[in-house]
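Okay, predicted coordinates and the sequence, questions at the end:
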Amino acid sequence: MWRLRRITESEHAAGWAFAFPAVCLIFVFGLVPVVWSALLSFQRTNLIAPGQWIGLANYKALPHDPLFQASIVHSLIYTALFVPLSVAGGLLTAVALNRRIRGIRIYRTAVFVPVVLSTIATAIMFLWLLDPNFGLVNYLLGQVGLGPYGFFDSATGALYSIVGMTVWGWIGFDVIVYLAALQGIPQSLVEAAEIDGVRTWSMFRNITVPLLGPATLFLVVWSSINALQLFDEVYLLTKGGPGTSTYVVVYYLYSLAFSQGVAGYAAAIAYVLLVAILSLTLIQLWVGRRLVYYAS
Amino acid sequence: MAQVALNNVTKRFPGGTCALDDLSLEISDGEFLILVGPSGCGKTTALRLIAGLERATSGTITIGDTTVNGVSPRDRDIAMVFQNYALYPHMTVYRNLGFGLRERRTPKREVDRRVREISTILGLDDLLKRRPAQLSGGQRQRVAMGRALVREPKAFLLDEPLSNLDAKLRVQMRAELKRLHAKLGITTIYVTHDQIEAMTLADRIVVMSAGQALQIGTPQEVFARPANLFVAGFIGSPAMNLLRGRASAQGSAETEITAGDLRFTRPGVPDGEIIVGIRPESLVPVPADATDLAHPTLDLEVDLVEPLGEQALVHGTVAGSAAQSGAEEEQAILTEAPSRAPVTAVLPAAGLPSPGDRVRVRAAEDRIYLFSAATGDAIW
Amino acid sequence: MTSQIASQVLDPPQRPADEEEREPGRFLFSPWHLVLIPIAVVMLIPMVWMLVTSLETLNETRHFPPTLLPHTLRPGNYTQVLRQAPFARWFLNTMIVTVVTVLGNLLFCSLAGYAFARIKFFGREVVFVLLLTTLMIPFQVIMIPTFIIVKDLGLINTLNALIVPNLANAFGVFLLRQFFRTLPVELEEAARIDGASRLSVLFKIVLPLSGPALATLAVITFLWTWNDFLWPLITIYSPNTMTLQLGLTTFEGTHQTATNLLMAANVMSMLPVLLLFFLAQRYFIRGIASSGLKG
């Protein structure tokens, strides 16, 4: 009899007891700061002395801030290059890797490994690889009559070098997602298409790509969100330079809050970033729903 | 539309399994041929070889006059319906039907004409704008068939197309298929494990087991004159009753056959261990007052009766020991009395026995089959 | 299902797409190798180059055209790095932070994930949705207030600053909740009828069956924590308290011209993650593929 009572005892206490530590941590360090950040954006503060309320002044100052404008432009250029290159590149590489030939595991591992390396380690590796004087890449380019290039030292080339480096570092992620999606395409569907007379390019265009729609959407959204948050590589390699050619939004945010002690303004920028990311994601999802076929 | 032929085809898979062993088949123009057998017998492999989805290890495959061994599926002018239909999920029914034609650069107007023609024949006119996910199983199956037929292929291949449908729909679609074939006359090669489907649909049946064709013939031939034990046990439901027996010629022209209580003679049977087979439908009850014991009789001890309406399946045991045909799906559960063999009879519902009764049954002599216990071949 | 994905991605596909490969070994050389070899080379060359440089003398690094095979191998570079910077310290710090964070996540996310999956409690749905929304917030938005919180707790410049905010992450709760829901609930019901408490059910029945999901969470959390840079950058400033990524950047600052030492330091920083990758490849892939499914 008493066993029955134990089972029908209130579950609420148990549920809350179990969930409490995680929920508490996540709320304190994940939700509360969101609200707090909004509050900060209406203040002028250097994180040490108490802040002063200045209303919307931070937000009003943003359109007049040339460095902010520049940061946005650079972030957008970076995203506009990184996303298509890594997603399309990931798709083509995944298609190439989706076959049963000798040594395929070695090729796949080679593509996956860069994903687990840290941004800093990758950046240091490329710093040397793209060294203007002694780097391997300039040497190889020289062999075909190109370069030498300044890469990270060049005001015109630094941002693009970062694009190249990060595509290298992240393409494996897209490959993994696409490989899983490719292998989810039923073999009988491919065979039916073969019998129907479909040739290689048509198979890719009419069967493979549409069926990969959900994966593509996910990768575009995911990559865009990450691209807009570019920071580590800029910090290590260029500190926003040469000049301000690689100032991106998060780097600007960081330097404002933690180098210059202008935290309220930085919080405003962070909120603009949040809105930008959410809007972009919503637009992409909306477009995606209309274009992407989802299996039932 | 042409002949399809497999000549001494062997298929060995990389792992070592031999899926087809020296198989030879000829399918005439316009014929409806069915490959039937238990799972793993190689029937699907044979179909896939004809389609070009697998390559033969040795032997040749011809479609029409051409040897197509190295030819890719898209160039063989065949069409296939897969077990799970394999419809393009992101395309409408209309596009699904027309896809193959467009890939072969058929002009749009022609594509439209043919798609609409097939759609009318198959009753898909209202569904043309839908996607596969919005269709029922039966509708999807028809779209799959339409997609194949719209290309007017030389051969129409079907891989267990009805097995994903529920029982009632299956019966209905069987009739539809038969009508369709009568109307269009396309050479059809069909694979199934369901011998009832095979019997009702085929012009000819190929009974397969372990990569070999055990018998090729019309449904009636395969049913009434099985070439060996496996075919006898596989075709016909409920399965043929099989008893172990002996043949002793004793010098005379008529050999005496004994199997349990069964005793009769037949000319020209060599000495040795044999297996006696009688179909459940062939067993008729002996009236209680019958004195004419010319036909061989069995004393059936009934243990289970399954009513089927006008008839009933009566399961019981007779003296003697059972034999296996090799076509059994599962091992029969041992009877309590190992010296008795299980036997099933199909008896009229009137005057049904009950479990525990003893019934005398007999069969006409020409309905009793004999097989060699050593080779399994039929003895005529 | 993600376990199927993990094995699918790692193992070759069951039936190949192209005809030549229907029977592997029939053709010794598939033309695809011509495409795949350059791809593999491009992916591996930076690491190979880094490794080679890490073993060269300083003069050799200055050599132009660069040599792929140095004349002398100088493993001494590695010990030199260890002497010139508190590398071992950084390694230890990072290891402590990572291991504690992983264990903390495994514990708290299991508890919470189980509660959300199986226990009906007041406010469960609302709270869960709120948790999910935190996944959509970019870190930079919350980083300043989090910094203030950590400062007010007096944790700045300690390893706790790195551990405490990350002891439970919403992705882990989500992942485990989804996984727990795929387990047959009858097992737990049977245990409870037998008299087991909820806690016992979790630890004795559910968790032992959750090996793959827990491993995936552990591996993903390990990777993320080990590679984290921005948060340590903000909260840690003493060289001895730094994590590996942070330490590497200061090392890079002081050794810009000593590229051989810099590369040696870089190689050392990569080793644990690479090792984990090769041991637990399956779980990395599964973690990435499952985040793809979630999207």
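Yes, it's here.

For burial, what's the neighbour tally of residue A:210?
Using other CB atoms under 10 Å in any protein chain shown, the number of residues around residue A:210 comes to 16. Any C-beta I mention is one placed from the backbone N, CA and C, and that applies to glycine too.

Pretty sure it sits against residue A:291.
No - in this structure residue A:210 lies outside contact range of residue A:291 using CB atoms under 8 Å: 9.2 Å.

Where does pLDDT dip in the stretch 151-295 of chain C?
By pLDDT under 70, the low-scoring segments of the stretch 151-295 of chain C are C:291-295.

And the helices in it, which stretches?
C:160-163, C:170-182, C:185-193, C:198-200, C:211-227, C:230-235, C:244-254, C:259-279, C:281-294 (DSSP state H, counting those that start in this stretch).

so what's residue 244 up against?
The chain I'm using is chain A. Residues near residue A:244 by CB atoms under 8 Å, 6 or more residues apart in numbering or on different chains: A:67, A:70.

hmm, I had chain C in mind actually
When the contact criterion is CB under 8 Å, 6+ apart, the partners of residue C:244 are C:90, C:91, C:93, C:94, C:226, C:269.

how many other residues sit next to the fourth one?
Summarising burial for residue C:94: neighbours were counted as other CB under 10 Å, giving 25.

Can you get me a residue count around residue C:62?
Around residue C:62 there are 14 residues (other CB under 10 Å).

I should have written residue A:23 there, sorry.
Residue A:23 has 26 nearby residues by other CB under 10 Å.

shouldn't it be in contact with residue C:131?
Yes - counting by CB under 8 Å, residue C:131 is a contact partner of residue A:23 at 7.0 Å.

And the residue lying closest to residue B:242 once chain neighbours are set aside, its phi and psi?
With sequence-adjacent residues excluded and distances taken as CB to CB, 6 or more residues apart in numbering or on different chains, residue B:242 is closest to residue B:323, at 4.1 Å. Backbone torsions for residue B:323, taken as degrees, to the nearest 10, come to phi -120, psi 160.

so residue A:82 touches residue A:220, yeah?
No - using CB under 8 Å, residue A:82 is not in contact with residue A:220; the gap is 10.9 Å.

What parts of chain B come near chain C?
B:14, B:54, B:55, B:72 (CB under 8 Å from any CB of the partner chain).

wait, does the longest helix seen in chain C make contact with chain A?
The single longest helix within chain C, with elements called by DSSP state H, is helix C:87-118. Yes - using CB under 8 Å from any CB, helix C:87-118 reaches chain A at C:107, C:108, C:109, C:111, C:112, C:114, C:115, C:116.

same thing with stretch C:72-86?
No - shown here: stretch C:72-86 not in contact with chain A (CB under 8 Å from any CB), separated by at least 12.6 Å.

can you dump the C-alpha coordinates of that stretch into PDB?
Output of stretch C:72-86 as PDB, limited to C-alpha atoms (Å, rounded to 0.1, in the frame of the first residue of the first chain):
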ATOM      1  CA  THR C  72      68.000  18.400 -38.900                       C
ATOM      2  CA  LEU C  73      65.100  17.500 -36.600                       C
ATOM      3  CA  ARG C  74      65.000  19.600 -33.500                       C
ATOM      4  CA  PRO C  75      62.600  18.100 -31.000                       C
ATOM      5  CA  GLY C  76      64.300  20.300 -28.600                       C
ATOM      6  CA  ASN C  77      62.100  23.100 -29.700                       C
ATOM      7  CA  TYR C  78      59.300  21.500 -27.700                       C
ATOM      8  CA  THR C  79      61.200  21.500 -24.500                       C
ATOM      9  CA  GLN C  80      62.300  25.000 -25.100                       C
ATOM     10  CA  VAL C  81      58.700  26.100 -25.400                       C
ATOM     11  CA  LEU C  82      57.900  24.400 -22.100                       C
ATOM     12  CA  ARG C  83      60.700  26.400 -20.500                       C
ATOM     13  CA  GLN C  84      59.900  29.700 -22.000                       C
ATOM     14  CA  ALA C  85      56.300  29.800 -21.100                       C
ATOM     15  CA  PRO C  86      54.100  28.300 -18.400                       C
END
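
Going by proximity to chain A, name the top residue of chain C.
At 2.7 Å from chain A, residue C:121 is the closest residue in chain C, using CB to the nearest CB.

Which secondary structure state is assigned to that residue?
Secondary structure state of residue C:121, per DSSP: H, G, I helix; E, B strand; the rest coil, is coil.

Name the nearest residue to it, ignoring sequence neighbours.
In space, residue C:121 is closest to residue A:15, 2.7 Å off (CB to CB, 6+ apart).

Repeat that for residue C:269.
Sequence neighbours aside, residue C:244 is the residue nearest to residue C:269 in space, at 5.0 Å (criterion: CB to CB, 6+ apart).

so what's the residue positioned nearest the centre of chain A up against?
The residue lying closest to the centre of chain A (CA atoms, centre = their mean) is residue A:226, at 1.8 Å. Applying CB under 8 Å, 6+ apart to residue A:226 gives the contacts residue A:170.

If it's not too much trouble, I'd like the helices of the stretch 151-295 of chain C exported to a markdown table so that distance to residue B:24 sit alongside each entry.
Shown next, in a markdown table, are the helices of the stretch 151-295 of chain C (distance: least, CB to CB, whole Å):
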| stretch | distance to residue B:24 |
| --- | --- |
| helix C:160-163 | 74 |
| helix C:170-182 | 50 |
| helix C:185-193 | 54 |
| helix C:198-200 | 66 |
| helix C:211-227 | 49 |
| helix C:230-235 | 72 |
| helix C:244-254 | 69 |
| helix C:259-279 | 52 |
| helix C:281-294 | 47 |
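
Would you tell me which of those gets closest to residue B:9?
Proximity to residue B:9 (CB to CB) singles out helix C:281-294 among those, at 40.1 Å.

Using the three-state scheme, assign the residue nearest to the centre of chain A.
helix.

any idea how far it is from residue A:119?
Residue A:226 is 11 Å from residue A:119, where distance means CB to CB, to the nearest Å.

Parallel or antiparallel, list what pairs with the helix or strand bottoming out on mean pLDDT in chain B.
In chain B, no helix or strand scores lower on mean pLDDT, DSSP states H and E than strand B:254-259, which sits at a mean of 80. Here strand B:254-259 is paired, per DSSP bridges, with strand B:241-248 (antiparallel), strand B:262-267 (antiparallel).

contacts for that strand?
Identification of contacts with strand B:254-259 by CB under 8 Å, 6+ apart yields B:243-250, B:263-271, B:274, B:276, B:320, B:370.

And it, what's buried?
Neighbour-count burial for strand B:254-259, counted by 16 or more other CB atoms under 10 Å in any protein chain shown, picks out B:255, B:257, B:258, B:259.

List the contacts of residue C:33.
Neighbours of residue C:33 in contact, by CB under 8 Å, 6+ apart: A:101, A:103.

Understood, closing this out.
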